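In: Pasting the sequence and the predicted coordinates here, then a few questions.
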Amino acid sequence: MPPKKSKEKGGGSAKQTDVLHAVIIADSFNFRFLPITLEQPRALLPLANRPLIDYTLQFLVSSGVEDIIVMCRAHAGLIRKHIDKLKAARFFTQTKTEVNVIALGENSSISAGDCLRELERQQLIRSDFVLVSGDVVSNMNIQKALAEHKARREVSKSSVMSLIMKPAPPMSSSRDVENDIVLALDDSSGRVLYFNHAKNVRKFLYLPVNALGQSSVQLRYDLLDCHISICSPEVPLLFTDNFDYSCRDDFIKGVLVHEEIMGHQIHTHILDGEYAARVSNLFSYDAISKHVINRWTYPIVPDTRVKEGVGRLYAYSRGHRYTGVGVELGRNCSLVKDVVVGCDSKIGENSRLTRCVVGNNCTIGQNVTITDAYVWDDVVIEDNCTVDKAVVCSRARLMQGVKVGKGCMLSYDVVIGAGVELPDGCKVTTVKPLRKRNKDSFSFDDDYPAETTEASEPSLLAAIRDDSILGEGSRGHVYEEEEEEESDSAPARPRWGIDSPHADTEEQSDVESVTSDGKGESDADDTSRFYTEIMESVQLGVAEKIHSENLILEINGSKHAYGMPIDEIPAVLIKAVMQRPKNTPTEAGAASTFLKDYYTKSLAHLAPVLSNYIRPEYHKAVLEEMEDVCLTTDNIRPYIALILHTLYNLDILEEEAILAWYQSDLPDSDGYDDDIDRSTVRKASNQFIEWLQNADEESDEESDEESDEE
């Protein structure tokens, strides 16, 4: 590899090497995570027990970025310390080269625009670079989008930015009212003609005149802004020349308004099957956490270790359950589904965890219920507590019988007294701001002091002990949130855990009224809607004998629409195939005859579709899903032997996989409430298993006889 060329003397410059740069804006510049961010920057908040910025850095490093600049403002020391820790663990070491990472703390910046102006002032960027927020989670490889950007730049230098977008249909769990955007794109080139947030678009959409001159224009309301941009070196200079650009959205709108005068253009790159999203508020924090747990971000999942010495080790089991090294599970405790339990944590007897994350070194008592909640490191939750749709930060303690309402946020070191019931939306912190924000102070989440001591702030320490509200022996005070300035016409911001993420109450009814079944789908997640579409496609395909190629196209279309990873499709598909059709007779005898005929014919018709998705590496997951379906739907269990036999005859499932599933150990507890256990499901398949084993023995005997004759 030739050495890098440096600038020539005498003012000339040599051709620069093709080093890919990235700039991370590791500051939130808003108030969405208060009061938590009084003590910790958003970039270091844990998501599935990993700091957010680690996901961003991993995405950049795996995409071949060689030079990373982290722009941090308040709490810059904490971010620098974390990056030094990653360097010590050789997180940035690639097979060919070491990634250069520097963290710049610019305390005078009051916006992302100021950070880019600082880049220009220090002359740090002189080639194309990736601009990304420090709270982005992505498994994409930036190289394809970068190649498109460079190809456009070869033709015309007018293209200054490429925005990374991801398909996300309305009401998707990836979206919320703050992140809904409306775009007009040139159909042939992907050039952005119009960009606005949906909350700013009321009754009419006004398109610029130049958009009407295009041969074909797409109006898109199904795209999610991933907050990843590929920028030309002119971008920091344009921010410097326009001090009213406080963020990237201001820049985009400014470029579009002045396009005819300045000649600059912005394009898009739309992801196909890859994942990218930004944790911009608690709604997206909740959604992206579940996406990681459900493996939409594969290979960036809890059980995949980034590098030796970086990250914790987890065991993964069906139902998206992850348990770290050293976890202790009490008798009859239940990890229902979509659960992460961090290393060295203890879960007490009869406790029940559903769709939640528990951090490292936590102690969860007996008869505790945690649902849709996020419990960070070193938390103690005593017996008989309930935590529902809440965030409990590190080192917090809940005494016996505490009930935490929906949308609550308990910041670091908070203690809640025994028997206290916190109302929905309650926020508790041990840090009290020393000053109020006002519109002229330019203060953000991270401006407040992170530590207080009894010696330095006795009055402050007294203020954060509120036994009358939080119970005897408590520590902390109820945080009174100061509202950001909003225009009179702007809708109130939804509250996580309490409101719908997609619209305010008045708009909600309008949106729900146009759903296909007349019922609101705001609470349905992408996985359930994807499953519903697949089931409808499968049953319609069987009823109308739709060709397998068309069914595959439909399934792939649903996969892309909902951003489902390919390894999730086999289990969803077999679950859809096993569902009883709506026209199943109600009388038991007639139903049995009908279903035997239905499963035999439908599986034969769907064989090419099933073979396309159910590959050998997915056989184990498919068999476990079939067992789960029989476990939860007892009127399907009698047909498990028939379904297994048919799938075997069609060469969709292999003998070794079937026998391995049948002979595998039964889990002690898997969180199901019904009385049907897995041994009953496997007994229902005994007839086929015995036939399979006997056929195998006969085949071996025939082989031995042939060998003797020879």
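Out: Perfect, I can see it now. A quick note: this is a predicted structure, and the numbers were derived from the prediction, not measured. Numbers count the residues shown, from 1 in each chain.

In: Residue 135 and residue 281 touch, don't they?
Out: No: if you go by CB atoms under 8 Å, residue 135 and residue 281 don't touch, sitting 10.1 Å apart. All C-beta spots, glycine's among them, are computed from the backbone N, C-alpha and C.

In: neighbour count winner among those two?
Out: Applying other CB atoms under 10 Å to residue 135 and residue 281 shows that residue 135 carries more neighbours, namely 30 against 22.

In: Residue 32 versus that one, what's the distance?
Out: To residue 32, residue 135 is 10 Å away according to CB to CB, to the nearest Å.

In: Mind listing the shared neighbours of those two?
Out: Both residue 135 and residue 32 are in contact with 42, 280, where contact means CB atoms under 8 Å, 6 or more residues apart in numbering.

In: helix or strand for residue 553, which one?
Out: helix 548-562 (DSSP states H and E).

In: How many neighbouring residues does residue 590 have?
Out: The burial count for residue 590: 11, using other CB under 10 Å.

In: Helices along the stretch 101-250 of the chain, start to end?
Out: For the stretch 101-250 of the chain, the helices defined by DSSP state H, counting those that start in this stretch occupy 112-121, 143-155, 209-212, 234-241, 248-257.

In: In the stretch 101-250 of the chain, where is pLDDT below threshold?
Out: 106-108, 200-215 (pLDDT under 70).

In: returning to that earlier point: so which of the helices of the stretch 101-250 of the chain gets nearest residue 376?
Out: With CB to CB as the criterion, residue 376 lies closest to helix 112-121 of the helices of the stretch 101-250 of the chain, at 26.8 Å.

In: Could you list the buried residues of the lengthiest helix in the chain?
Out: For the chain, the longest helix by residue count, based on DSSP state H, is helix 588-613. Buried residues in helix 588-613, counted by 16 or more other CB atoms under 10 Å: 594-595, 598-600, 602-603, 605-607, 609-610, 612-613.

In: and that helix, what other elements does it pack with?
Out: Here helix 588-613 touches helix 526-543, helix 548-562, helix 569-578, helix 640-649, going by 3 or more CB pairs under 8 Å, 6 or more residues apart in numbering; DSSP states H and E.

In: would TSV of the helices of the stretch 101-250 of the chain with distance to residue 472 and mean neighbour count be doable?
Out: Converted to TSV, these look like this (distance: least, CB to CB, whole Å; neighbours: other CB atoms under 10 Å):
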stretch	distance to residue 472	mean neighbour count
helix 112-121	45	22
helix 143-155	57	15
helix 209-212	64	12
helix 234-241	53	20
helix 248-257	48	18
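
In: Go through those and name the closest to residue 471.
Out: helix 112-121 (41.0 Å).

In: For the closest one, name the packing helices and strands.
Out: So helix 112-121, by 3+ CB pairs under 8 Å, 6+ apart, packs with strand 21-25, strand 67-72, helix 234-241, helix 248-257.

In: now that helix: how far from the chain's centre is it?
Out: In terms of CA atoms, centre = their mean, to the nearest Å, the centre of helix 112-121 is found 29 Å from the chain centre.

In: where do the strands sit along the stretch 1-150 of the chain?
Out: Ranges of strands in the stretch 1-150 of the chain, per DSSP state E, counting those that start in this stretch, are 21-25, 46-47, 50-51, 67-72, 100-105, 129-133, 136-138.

In: For the ones you listed, give me CSV that also has distance to residue 349.
Out: Listed next are those as CSV, based on distance: least, CB to CB, whole Å:
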stretch, distance to residue 349
strand 21-25, 44
strand 46-47, 27
strand 50-51, 29
strand 67-72, 44
strand 100-105, 45
strand 129-133, 42
strand 136-138, 35
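
In: And these: which comes nearest residue 427?
Out: Using CB to CB, the nearest of the strands of the stretch 1-150 of the chain to residue 427 is strand 46-47, at 18.2 Å.

In: how close does residue 183 sit to residue 115?
Out: Note on residue 183: its distance to residue 115, by CB to CB, is 25 Å.

In: now swap in residue 169 and tell me
Out: 33 Å.

In: can you check residue 331 too?
Out: According to CB to CB, residue 331 stands 53 Å off from residue 115.

In: The closest residue to residue 655 other than its chain neighbours - how many residues pack around it?
Out: Spatial nearest neighbour of residue 655, excluding adjacent residues (CB to CB, 6 or more residues apart in numbering): residue 692 at 6.2 Å. Residue 692 is flanked by 18 other residues according to other CB under 10 Å.

In: got the contact list for the most centrally placed residue in the chain?
Out: Nearest to the mean C-alpha position of the chain, by CA atoms, centre = their mean, lies residue 288 at 2.3 Å. For residue 288, the contacting residues are 47, 137, 174, 277, 279, by CB under 8 Å, 6+ apart.

In: one more time with 7 Å
Out: 47, 137, 277, 279 (CB atoms under 7 Å, 6 or more residues apart in numbering).

In: secondary structure element for it?
Out: Using DSSP H and E, residue 288 falls within helix 282-293.

In: List the strands paired with the very next helix or strand once past that helix, with their directions.
Out: Toward the C-terminus, helix 282-293 is succeeded by strand 314-317 as the next helix or strand (DSSP H and E). According to DSSP bridges, strand 314-317 has the following sheet partners: strand 321-324 (antiparallel).

In: which residues are contacting the strand it pairs with?
Out: So strand 321-324 is contacted by 302-303, 312-316, 335, 337, 339-343, 345, 360 (CB under 7 Å, 6+ apart).

In: likewise stretch 149-160?
Out: So stretch 149-160 is in contact with 128, 162, 230-232, 234-235, 255, 263-267, going by CB under 7 Å, 6+ apart.

In: Residue 419 and residue 401 touch, don't they?
Out: Yes: applying CB atoms under 7 Å, one finds residue 419 in contact with residue 401, separated by 4.5 Å.

In: Among these two, which residue is more densely surrounded?
Out: residue 401 (17 against 13).

In: and the gap between the more buried one and residue 422?
Out: 12 Å.

In: now the helices for the stretch 351-500 of the chain?
Out: For the stretch 351-500 of the chain, the helices defined by DSSP H, counting those that start in this stretch occupy 458-463, 467-470.

In: comparing the ones you listed, which gets the lowest mean pLDDT score?
Out: Mean pLDDT across the helices of the stretch 351-500 of the chain is lowest at helix 458-463; the value there is a mean of 37.

In: ok, and the closest non-adjacent residue to residue 195?
Out: Spatial nearest neighbour of residue 195, excluding adjacent residues (CB to CB, 6+ apart): residue 252 at 5.1 Å.

In: count of residues packed around residue 539?
Out: 19.

In: That'll do, ta.
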